[in-house]
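Asks: predicted model and sequence below, questions to follow.
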Amino acid sequence: MSDAVVERVTRMVAPLVADLKLDLYDLEYRGGVLRITVDTPPGSTGGVDLDTIALLTRMIGRDFDHDDPMPGHYTLEVTSPGLERTLRVPAHWQREIGKTVNVRLRDVAAGDRRVQGTLIAATDTEATIRLDDAPAGAELAERVIPYAQVDRAKTVFVWGAAPKPGKGPSAKKSGAKPGAKQGAATAGATRPAATEPSTPTTSDPSERAGSRKEAQEAS
């Protein structure tokens, strides 16, 4: 997808996303699928629910039907990032500061190819990570990684402490909204219509006659 098409899609989609008080997290075209990822603003509790994703999908589809920014055939998919988020652009890194991240580097002359730790800083060109695997008793090691060296990176979901015996998880204590979905919510632009099975009917005259005879004998 060319830069011109990306800019045009972004100009059309961004106002719709903002109308629903969401952020445009990512926009990617791969394998014939235009994937638009949206998220709640940083610091929000809970994620984007499926009803909101479905509404946004209809809004985008309506505008694309009027003025399609994409050439050729494609599938529109609107989704939320989910628990573990891919970090592709500087803005992704900058909004995930304080989170645990796992980074796979490109060809490295020396050192580990995989790095995991806490993301403590992110600029437009590089990220600083406090490493998890520092030797016991040593000072916490930090590593500065230019984005140009990153092959793939994502946040790592860390489960909280187990609840005490007899204490179940509480949405109020955890800050999660009741009913909020914690995984990714996804909706496509088109969905097959559900069909209900038809009720079988008797069309053979002999079967209908047999049914009447059985009813008469029973009476």
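Replies: Good, I have the coordinates.
Asks: quick one, domains of this protein?
Replies: 3-83+180-188, 90-155 (automatic domain parsing).
Asks: list the buried residues of stretch 19-38.
Replies: Across stretch 19-38, burial judged by 16 or more other Cβ atoms under 10 Å covers 22-27, 29, 34-38. For the C-beta atoms, the positions are set from N, CA and C on the backbone; glycine is no exception.
Asks: restricted to strands, list the residues you listed.
Replies: Among the buried residues of stretch 19-38, DSSP state E puts 23-27, 29, 34-38 in strands.
Asks: just flag the most distant two among these.
Replies: Largest separation among these by Cβ to Cβ: 23 and 29, giving 19.4 Å.
Asks: surely residue 16 is in contact with residue 61?
Replies: No: using Cβ atoms under 8 Å as the test, residue 16 is too far from residue 61 to be in contact (10.5 Å).
Asks: so where do the strands sit in the protein?
Replies: So, for the chain - with DSSP E - the strands run 23-30, 33-39, 75-79, 100-105, 114-122, 126-131, 142-146, 150-155, 186-188.
Asks: reformat those as TSV; add mean pLDDT and distance to residue 53.
Replies: Output for those, formatted as TSV (pLDDT from 0 to 100; distance: least, Cβ to Cβ, whole Å):
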stretch	mean pLDDT	distance to residue 53
strand 23-30	91	12
strand 33-39	94	8
strand 75-79	94	6
strand 100-105	95	25
strand 114-122	94	27
strand 126-131	95	29
strand 142-146	93	32
strand 150-155	95	20
strand 186-188	64	5
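Asks: who's residue 101 bridged to?
Replies: Beta-bridge partners recorded for residue 101 (DSSP bridges): residue 117, residue 155.
Asks: OK, contacts around it?
Replies: By Cβ atoms under 8 Å, 6 or more residues apart in numbering, the contact list for residue 101 reads 87, 116-119, 127, 129, 153-156.
Asks: can you rerun that using 7 Å?
Replies: By Cβ atoms under 7 Å, 6 or more residues apart in numbering, the contact list for residue 101 reads 87, 119, 129, 153-156.
Asks: could you check how far it is from residue 84?
Replies: With the distance defined as Cβ to Cβ, to the nearest Å, residue 101 ends up 10 Å from residue 84.
Asks: pLDDT weak spots in the chain?
Replies: Within the chain, the stretches with pLDDT under 70 are 1, 109-111, 134-140, 160-219.
Asks: apply 50 and report the result again.
Replies: Along the chain, segments meeting pLDDT under 50 span 161-182, 190-219.
Asks: who's residue 131 bridged to?
Replies: Going by DSSP bridges, residue 131 forms beta bridges with residue 117.
Asks: quick check: it touching residue 144?
Replies: No: using Cβ atoms under 7 Å, residue 131 makes no contact with residue 144, being 11.4 Å away.
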